[in-house]
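Q: Sequence and predicted model, in that order:
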Amino acid sequence: MSTIVIVESPTKARTIRNYLPKDYRVEASMGHVRDLPQSASEIPAAVKGEKWAQLGVNVEADFEPVYVVPKDKKKIVTQLKDALKNADELILATDEDREGESISWHLYQLLKPKVPTKRMVFHEITQEAIKKALGNCRTIDEKLVRAQETRRILDRLVGYTLSPLLWKKIAWGLSAGRVQSVAVRLLVNKERQRRAFREGTYWDLKAHLLQEKSPFTAQLITLAGTKIATGSDFDPATGQIAAGRNVMLLNEEQALALKERITEKTWTVTDIEERSVTRKPAPPFTTSTLQQESNRKLRISARDTMRTAQSLYEQGYITYMRTDSVHLSDQAITAARSCVEQKYGKEYLSPQPRQYTTKSKGAQEAHEAIRPAGSTFRTPQETGLSGREFAVYDLIWKRTVACQMADSRQTQIAVQLQVEDAGFRSSGKRIDFPGYLRAYVEGSDDPEAALEDQEIILPALTVGDHPNCTEIEAVGHETQPPARYTEASLVKTLESEGIGRPSTYASIIGTIIDKGYAQLVKNALIPTFTAFAVTDLLEKHFPDIVDPSFTSKMEQTLDEIATGEARWLPYLQKFYLGDKGLDTLVKEQESKIDGTKARTVELENLDAKVRIGKYGPFIEMENGEEVVTASIPKDLTPADLDPKQVEFLLRQKTAGPDQVGRHPETGEPIYVKIGTYGPYVQLGDKSDENPKPKQASLPKGITPENVTLDMAVGLLSLPRTLGEHPETGAKIKASLGRFGPYVVHDQGKDGKDYRSLKATDDVLTISLERALELLAQPKKSRGSSSKSKAALRELGNHPDDDEPINVYDGPYGPYIKHKKTNVGLPEGQTVETITLSMALELLEAKASTKSTRKTTKSKTTKTKSTTTKSSSSRGKKKAESN
């Protein structure tokens, strides 16, 4: 006889098995083993004839849910029952949040154990944590189960009542959700703001000055005592200066005239202000802040962040990843402070241990922040992790350690200068003590480089000095439309508004993209025309469903049900069956919704109608007595659709594509067309003999109206062979790619070496000499600083690659730099005493530390596939339920 322990996934089972007695057997349930029916085929025969059967909830009998075991879980349930036959005890060890509590409850209901049953919870998988949890088992928390069940029923009622209405009125396959629809409306409202935005233009001056050979810059801020207009002074709805702003708006002519007037005049420093600033470290991660920072720093989606974090938790590397709490246990604080002292020194410790308080109302998931697991924290290099898992663990480790570090002390410097009646300002920043910034800078994946970029050093200046002006630039600016939501900013907004639970945001954003409500383009979430149509319908007929405050209050009620402060049944009855309940509203409104109008997106300043069709959005406009339609390209966003583009699309449909001219060699016509993925040029007509005419996309910034015959011929000739490389004899080519124009050194089996063209280069005219010049330049990695500064000392070149090894001054002391590798000077060494051989040893040690991150490809693939499989069952349910 033995004890059976049930967890959710095989990965978690393997990890926890290491910390349990030998006679304990660990099994995995593979997530939820029971749920509401997902399709008509899963509805039990006994209730198929009921009018509420499709809901899977008996709304006529106290909202009793109909639970079924999905086909893919029946074998697992059988295996668990068989395992239980030879057991004398059952321990349910699923996750400690509401979802985990629900899984344990469903397991108990299905297995009907006849042996003693316990509920074991823990927020990290370490030997100490499991031992403690075994000694503190409890019973299943019925309040948590009821709260999760109410949430599940609520999500099912919203989704399964409104989605069929969207299928009838707009398009098949659309969905509505309690949180999803509010999130989509946020994206649509941002796009509406961008559409209403009107650009404003303003000019100012930038001066380049020298003080005792030290350069610095200054910006024009006043003229004759009046403030110069900047972007913040404009009304985004008009593109004009906002009412009540007492500012001077300069145009290009005025800026150039002022530049001419003050050239060669005397500059005087009139005031210097230094202000000390103290910055405190951010709290350790919650689910929401981890998703935000992972998206900002690592460009990882919320969904992939949570998958990775779940894998790290199940392998025992971090604490539980679904939490609203920023609290750290005394054990975690001691571990973090130990890391600080060992890695950075005592002076970098905060004077007193920092403890953070959770501000989020209704925080109810785990009781501790996300942090490295255990009583001592393994450094990222000690874990043996690689790829995405290493990156996310590194992020969590740094954030946790940084929260116990000293404040950063900085000095902000503002220098006022006067030349004639023009006032200029130069701003600087000095990092007096980096504190926690040495370990962690928000939004940056390289703290050392970020610290360098943060400092803006000004020369030694005193009031009355007369610096020398070497150049004055007249600079034009355009105001920018409101930025679209990224995953990070959307998660932040949802949390601040109290919409949904952070643990569900990843699946909600995934659903929004998967259902075609948004496209993810360069990390921005761009709503589609379908999103506009659905949001319009819900706003007009079911305003509460997309009202953030209504959804937030709903979330509060669900939290109150979890604590026993509110009763679940009266709430569901009022929400669904009340006088203003959802079921009542749908019955009232369905006949009032005109399908044609619902499929029409009304956009301001646009005569044409945008309609949602079976194959996507299209433009419709009357042309005399007939109606002309044209498909809208996928890359044309709602904010960017204007009358000019409508005219071009319709003209292409009625008169055929614009002909630029004929190819000078073949005589074939060359057309400018707009396709699904944007504008392009095409050589010749499509025919049986020529089924795939040659095509070439237009470069970024080139519109169809600007295309000339020479340009079109050049684009169609790409890739251009410029010549041969003088050293290898391999071909050098120029072409256009996904990321813009480039040149490539094509060495066949030995690989290809690419370089992007600069803004001043033209892919159609670039020469071999210029291409060789670009290829000779070192590749720039993402996030590399464009700033250069003088070395304190040049030690010599590296014997392996002949690249320089220099010593530079950083905000927290001198360091050695070789290409992309930085390493601090060891204790006892100075800039003068460090030698090239010492530097080579330090760089080699740093490189060997980095190499420990790597594992074999097969091992990585195996880990990822297991992780994905183990976490998918829970993620699937959560995506559907919101």
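A: It's in.

Q: from here on, contacts and neighbour counts on C-alpha atoms
A: Will do.

Q: can you pull out the strands in the stretch 201-350 of the chain?
A: With strands called from DSSP state E, counting those that start in this stretch, the stretch 201-350 of the chain shows them at 201-211, 214-223, 226-228, 234-235, 240-241, 247-248, 268-279.

Q: Out of those, flag the one nearest Tyr677.
A: Among those, the nearest to Tyr677 by Cα to Cα is strand 201-211 (30.6 Å).

Q: list the helices and strands the closest one packs on?
A: Where contact means 3 or more Cα pairs under 8 Å, 6 or more residues apart in numbering; DSSP states H and E, strand 201-211 is packed against strand 214-223, helix 252-262, strand 468-478.

Q: Any chance of a markdown table for the ones you listed, columns distance to His798?
A: Putting these into a markdown table (distance: least, Cα to Cα, whole Å) gives the following:
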| stretch | distance to His798 |
| --- | --- |
| strand 214-223 | 31 |
| helix 252-262 | 47 |
| strand 468-478 | 38 |
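
Q: between those, which one is nearest to Gln310?
A: Comparing the helices and strands packed on strand 201-211 by their distance to Gln310 (Cα to Cα), the top pick is strand 468-478, with 44.1 Å.

Q: buried residues in the closest one?
A: Judged by neighbour count (16 or more other Cα atoms under 10 Å), strand 468-478 contains these buried residues: 468-469, 472, 474.

Q: Tabulate those residues (CSV), appending pLDDT and distance to Ala598.
A: CSV is the format used below for those (pLDDT from 0 to 100; distance: Cα to Cα, whole Å):
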residue, pLDDT, distance to Ala598
Asn468, 96, 66
Cys469, 96, 62
Ile472, 97, 56
Ala474, 96, 50
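
Q: Find the centremost residue of the chain, please.
A: Centroid-nearest residue in the chain, with Cα atoms, centre = their mean: Asn295, separated by 3.2 Å.

Q: just checking, that residue touches Ser489?
A: No: counting by Cα atoms under 8 Å, Asn295 stays clear of Ser489, with 9.4 Å between them.

Q: quick one on the thing from earlier: any idea which of the strands of the stretch 201-350 of the chain gets closest to Lys553?
A: For the strands of the stretch 201-350 of the chain, distance to Lys553 was read as Cα to Cα. The smallest value, 33.4 Å, belongs to strand 234-235.

Q: now what about the closest one, what contacts it?
A: By Cα atoms under 8 Å, 6 or more residues apart in numbering, the residues outside strand 234-235 that reach it are 200, 240-242, 479.

Q: now stretch 385-399
A: Counting contacts by Cα under 8 Å, 6+ apart, the residues outside stretch 385-399 that touch it are 282-285, 290, 294, 298, 305, 308-309, 312, 317-318, 370-372, 377, 379-380, 439-440, 853-855, 860.

Q: Sitting in helices, which of those residues do you find?
A: Residues of the contacts of stretch 385-399 located in helices (DSSP state H): 290, 294, 298, 305, 308-309, 312, 380, 860.

Q: for the strand or helix carrying Ile732, which positions count as buried?
A: When secondary structure is defined by DSSP states H and E, Ile732 falls within strand 731-737. Neighbour-count burial for strand 731-737, with 16+ other Cα under 10 Å as criterion, is recorded at 731-736.

Q: Repeat that for stretch 156-173.
A: Using 16+ other Cα under 10 Å as the test for burial, stretch 156-173 gives 156-166, 169-171.
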